[in-house]
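Colleague: model the following, please.
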Amino acid sequence: MLLCRRLLPRVHTPIRVYAQQLIGSQIHGKAISRSRLADVTVPNALSETVDLAPMLHRTSRVEKELLERVACISTWLPSQVPKKSAQAEKTVEALPDPFAAYAELRAQDRTLAASLPLPILVALSEKATKHGLSTIVDGIATDLLDGIIITSNRQLQVATALLAATHHDQPILDKQKIHSLLILLRQFDALSELSSANISALVKYVVDNPGIDPYNAKTMDILFPIFHQSLTNKSAPKGAKSMSYRPPGDVFIAFGLIHKLIIFDRDRHALQLFQTLTETCHIPVEAFTEVYHTSAKDNNFSFVVRSTLVRACLHWGWYHRALDIVVSAIRTQVTADIALTELALSTLHLALHNASTNHFKHCTWLICHLINSAGNVIVPDSMVRLFYDKAMHLQDGPSAEILYKNTQSLRVIRRAKYPLPRGYSLTWLMNHLTITSHNVHLARTLAKQVIDEMEPIPVQDRAHFIALAASHGFSSSARTLWERYSVGKDREAVLGNASLMLRMVSVFSKLIYRTKAEIEEPTSSQDEASPSTLNERQKLLEDLLQFAELVVGTFRMSKSTLEETSHYDLSSLARAYIALGRVSEGLDMLKVLLRRYEIPDLYDINIALSAMAELHPKKAVGILKKMVARGIHPDAVTFGTIIHHSILHGEMRLAGYLIGRAKELGCEELSAKTTSSLIRASVNADGAPKSILKENLRRAWEIIQSGDVSSVVHTPNTGKYCIFASLRLDDPVMAFKFWEMLVKEKTEWGDRKQVFQRRLIADMIQRHCQEGALSRSRGRQMLAQLRERRVPL
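Modeller: As a prediction, this is how the structure comes out:
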């Protein structure tokens, strides 16, 4: 009868679970021979009954119920395992019932849990290991190694079950427990009881584990003889059959193991395995033919073996294994090795062609290492461009950014000048630097380099590339590129692009506004300027106006008559005219839509509202109210536009009203640009009490932390406002946080603005440390990142 029913009061009645005859005989005290141990298995349905009555006589009622639940492991189905075992083990109750009962029983009495019948212990070990229940596996292993599970036969079978980790990429147990269990099996001369799959899985775990760990080395000392012996009978075929032959998985593991043994200083074992692979033809003859010209120092055992292994990996198409060996060899070398560097170059070229997402990081590290090497090795231009193309294919923008940043360092530029990405990769990198990572300095450098080196931009990408430069304030680069590509047979791709036209007008209208302000309302320093300086500013203003008019004019000329111009192009023209202060002409474009009986959409309404909000925010709010009354629901852009201009006009109460009204109408999420404006306004509110400013600064930090890092909120410009606001509140820690998140990696380190910010933050940090308001250890940490030298704290 099954044991998953509730216990009845007749506790003296023998309660039985199914077990194999072999295990049942052992439980009654009979010895089991080591030769028969390999035949012992515990399937889901055990086949012979085992008496639990002796245990039940000595236990409480609660423990009896727990024993009954644990014994149900014999009929427990794998489908009961939760999909995410990590979540299942947060509490004992979340475990599947037989395992939860065992965990509770063990918490009450470890000795009682360890004395469970052997078939139950083995079944718990095997199923918990198979399904990733680390709490149970770790508990049984701890009891076994602490000597609570007694008798050799019980120890051997439980240890064997715990090491059966073939269903997982990594064993559940930690390295120390794995090593201890292997020692236990070796003491009883029972290592041969482990299956070949178990041995391979454990060796693979050691090979794939990065770094040098003493327990990994000790584990390999135990497993190596068995694993090595299993390879002696696996020979590669010769002749025609070798054309379609693929080595088994153990050979792939063995290649990595040889490299790992060299790291562990186990050269003798490495040589034995190397010779075996050579004898079985898994290291082909071709791998020995290519000899690098090395010095006597380079011509050592480790290099000869590794270089041969790498060429053998390339022969079998194991590019990632070859890359792993080369990268690990470089990371563990003490001095520069020219031969190893040359080997790395040849390996990197093939690995890039076949790199996957998981292994591309190794390619990134290796190519950056080679570029920064102090030797005379230069990475070929074709390989650098191949890297950018592969990064675009894998959509790995951070890796491409790292490479470009390395190629632009002064140390590298002094040695070699590396090429830019070519073709579509060029615009893709620019898009990543500006939109995703907001690395303004690198993006500006890339735009300038494209101009200086006359790097061609694909016709389809020209408008987008120039628009990215313009929208991020690179006005000079954007203008140069616009003028370069606004002539020739493909000029329509630039002149007739509405998005590009709007970006160009936007950035130059801001320059026009700023230049006019400098002429009409000069500052105290400008009051002393000579007439020639004022004339220069006037000429600059005229030049800016002429160029902006040229951009709008050529766009309009590129289109046919206004009646045939598309809705979007007309709307774009309207926005451009309004941005340049020609409001009436902008509204005329919208009238064309009305004459064509086209219903203006919300986008058109927002254009008109932006024109009014720029001059009179309150009147724009009045129109907004009429829209709502007539059933037209404004969107986040509508509210964001008026809020933005209200803040610029100093109408903070009006901005607050609009935020509340937006929430009432369901516009919970305002645009990132509006959020950025709100942050700037809230942390720079003149006359507000310090308590309110501190609360605004705290909320700004929360918004920046929780928001999308690719939004305009995460820009150095926003960081600048928050840093100065923090300094005004005498809070250097908050200023440092804003600098670290928004400025540190986003602008050039030597940029004058960033240098000024770092100095102000560092001065306040030192003062707070001297006054005791800030701990000296924290102060030293922040000063170290700021790289500011101050009086020793």
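Colleague: need phi/psi at W749.
Modeller: Main-chain dihedrals, W749, degrees, to the nearest 10: phi -60, psi -40.
Colleague: number of nearby residues for it?
Modeller: By the measure other CB atoms under 10 Å, the count of residues near W749 is 11. All C-beta atoms are positioned from the backbone trio N, CA, C, and that covers glycine.
Colleague: same check, this time on R479
Modeller: Neighbours of R479 under the rule other CB under 10 Å: 19.
Colleague: I'd guessed it sits against Q546; true?
Modeller: No. Using CB atoms under 8 Å, R479 is not in contact with Q546, being 11.6 Å away.
Colleague: any idea how far L314 is from C281?
Modeller: The gap separating L314 from C281 is 16 Å, by CB to CB, to the nearest Å.
Colleague: out of the two, which sits in the more crowded spot?
Modeller: More crowded of L314 and C281, by other CB under 10 Å: L314, with 18 against 15.
Colleague: how about the closest residue to the more buried one other than its chain neighbours, phi and psi?
Modeller: Using CB to CB, 6 or more residues apart in numbering and skipping the chain neighbours, the partner closest in space to L314 is A322 (5.5 Å). Main-chain torsions, A322, degrees, to the nearest 10: phi -60, psi -40.
Colleague: again, but for I378
Modeller: With angles defined as degrees, to the nearest 10, I378 sits at phi -120, psi 130.
Colleague: what about the nearest residue to it once chain neighbours are set aside, how many residues nearby?
Modeller: Closest residue to I378 apart from its sequence neighbours, by CB to CB, 6+ apart: A416 at 5.0 Å. Neighbourhood size, A416 [other CB under 10 Å]: 13.
Colleague: need the contact list for A416.
Modeller: Applying CB atoms under 8 Å, 6 or more residues apart in numbering, one finds that A416 lies in contact with 371, 378-379.
Colleague: closest to E664 among those residues?
Modeller: Of all the contacts of A416, I371 has the smallest distance to E664: 56.2 Å, by CB to CB.
Colleague: doesn't D381 make contact with that closest one?
Modeller: No. With contact defined as CB under 8 Å, I371 does not count as touching D381 (11.8 Å).
Colleague: quick one: which of these two has more around it?
Modeller: I371 (20 against 14).
Colleague: and the more buried one, how close does it get to R385?
Modeller: On the measure of CB to CB, I371 and R385 end up 14 Å apart.
Colleague: cool, and S307?
Modeller: S307 is 27 Å from R385, by CB to CB.
Colleague: looking at these two, which one has more neighbours?
Modeller: S307 (26 against 18).
Colleague: and the pLDDT at the more buried one?
Modeller: S307 is assigned 88 on the pLDDT scale.
Colleague: begin at 40 from now on, thanks
Modeller: Sure, I'll start counting at 40 from here, so that last one is S346.
Colleague: quick one: it and I301, what's the gap?
Modeller: S346 is 12 Å from I301, by CB to CB.
Colleague: what does the residue nearest to A486 when sequence neighbours are not counted show for phi and psi?
Modeller: Residue nearest to A486 in three dimensions, not counting chain neighbours: S516, with 4.0 Å by CB to CB, 6+ apart. Here is the backbone geometry of S516 (degrees, to the nearest 10): phi -70, psi -40.
Colleague: now do the contacts for S516.
Modeller: 483, 486-487, 489-490, 508.
Colleague: need the helix or strand of this protein with the lowest average pLDDT.
Modeller: The least trusted helix or strand in the chain, going by mean pLDDT, DSSP states H and E, turns out to be helix 60-66, with a mean of 32.
Colleague: assumed K665 was part of a helix.
Modeller: Yes. Assignment of K665 by DSSP: H, G, I helix; E, B strand; the rest coil places it within a helix.
Colleague: how far away is it from P673?
Modeller: For K665 relative to P673 (CB to CB), the value is 11 Å.
Colleague: the two: which has the busier surroundings?
Modeller: Neighbour totals were compared for K665 and P673, and P673 leads with 23 against 9 (other CB under 10 Å).
Colleague: isn't the more buried one right up against L663?
Modeller: Yes. Between P673 and L663 there is a contact under CB under 8 Å: 6.1 Å.
Colleague: contacting residues around the spatially closest residue to G512 that is not a sequence neighbour?
Modeller: Nearest residue to G512, sequence neighbours excluded (CB to CB, 6+ apart): V546, at 6.4 Å. Applying CB under 8 Å, 6+ apart to V546 gives the contacts 509-510, 512, 514, 517.
Colleague: now, the most widely separated pair of these?
Modeller: Farthest pair in the contacts of V546, by CB to CB: S510 and S514, 10.5 Å.
Colleague: quick one, phi/psi of K487?
Modeller: When read as degrees, to the nearest 10, the backbone of K487 gives phi -70, psi -40.
Colleague: oh sorry, the question was meant for L768
Modeller: L768 has phi and psi values of phi -90, psi 10 when expressed as degrees, to the nearest 10.
Colleague: so who does it touch?
Modeller: By CB under 8 Å, 6+ apart, the contact list for L768 reads 729, 732-733, 736.
Colleague: selection in ChimeraX covering whichever of these are buried, please.
Modeller: Of the contacts of L768, the buried ones go into a single ChimeraX selection, burial set by 16 or more other CB atoms under 10 Å:
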select :732,733,736
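Colleague: helices of the stretch 240-389 of the chain, start to end?
Modeller: 253-270, 288-302, 306-318, 325-328, 340-355, 358-371, 377-392 (DSSP state H, counting those that start in this stretch).
Colleague: out of those, which gets the lowest mean score?
Modeller: Across the helices of the stretch 240-389 of the chain, helix 325-328 gives the lowest mean pLDDT, at a mean of 78.
Colleague: what comes into contact with it?
Modeller: 347-348, 350-351, 354.
Colleague: just send the residues you listed back as JSON lines, with distance to L221 and neighbour count too.
Modeller: Listed next are the contacts of helix 325-328 as JSON lines, based on distance: CB to CB, whole Å; neighbours: other CB atoms under 10 Å:
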{"residue": "T347", "distance to L221": "30", "neighbour count": "19"}
{"residue": "L348", "distance to L221": "26", "neighbour count": "27"}
{"residue": "R350", "distance to L221": "33", "neighbour count": "20"}
{"residue": "A351", "distance to L221": "29", "neighbour count": "24"}
{"residue": "H354", "distance to L221": "33", "neighbour count": "15"}
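Colleague: residue boundaries of the helices in the stretch 640-789 of the chain?
Modeller: 641-654, 656-668, 675-687, 691-703, 711-722, 729-745, 755-767, 771-781.
Colleague: okay, buried residues for the helix ranked longest in the chain please.
Modeller: Using DSSP state H to define each element, the chain has its longest helix at helix 570-597. By neighbour count on 16+ other CB under 10 Å, the buried set for helix 570-597 is 576, 580, 583-584, 586-587, 590-591, 593-595, 597.
Colleague: got those residues as a markdown table, with distance to K555 and pLDDT columns?
Modeller: Below are these laid out as a markdown table (distance: CB to CB, whole Å; pLDDT from 0 to 100):
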| residue | distance to K555 | pLDDT |
| --- | --- | --- |
| R576 | 9 | 85 |
| L580 | 6 | 90 |
| L583 | 10 | 93 |
| L584 | 10 | 93 |
| F586 | 15 | 95 |
| A587 | 13 | 93 |
| V590 | 18 | 95 |
| V591 | 18 | 93 |
| T593 | 24 | 94 |
| F594 | 23 | 93 |
| R595 | 24 | 91 |
| S597 | 29 | 90 |
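Colleague: what's the most distant pair in those?
Modeller: So, the buried residues of helix 570-597 by CB to CB: farthest apart are R576 and S597, at 31.9 Å.
Colleague: hmm, who's touching the helix or strand harbouring A486?
Modeller: A486 is located in helix 479-491, with elements delineated by DSSP states H and E. Helix 479-491 is contacted by residues 440, 443-444, 447, 459, 465, 468-469, 472-473, 494, 496, 504, 507-508, 511-513, 516-517, 519-520, 523, 754-755, 785-787, 790 when judged by CB under 8 Å, 6+ apart.
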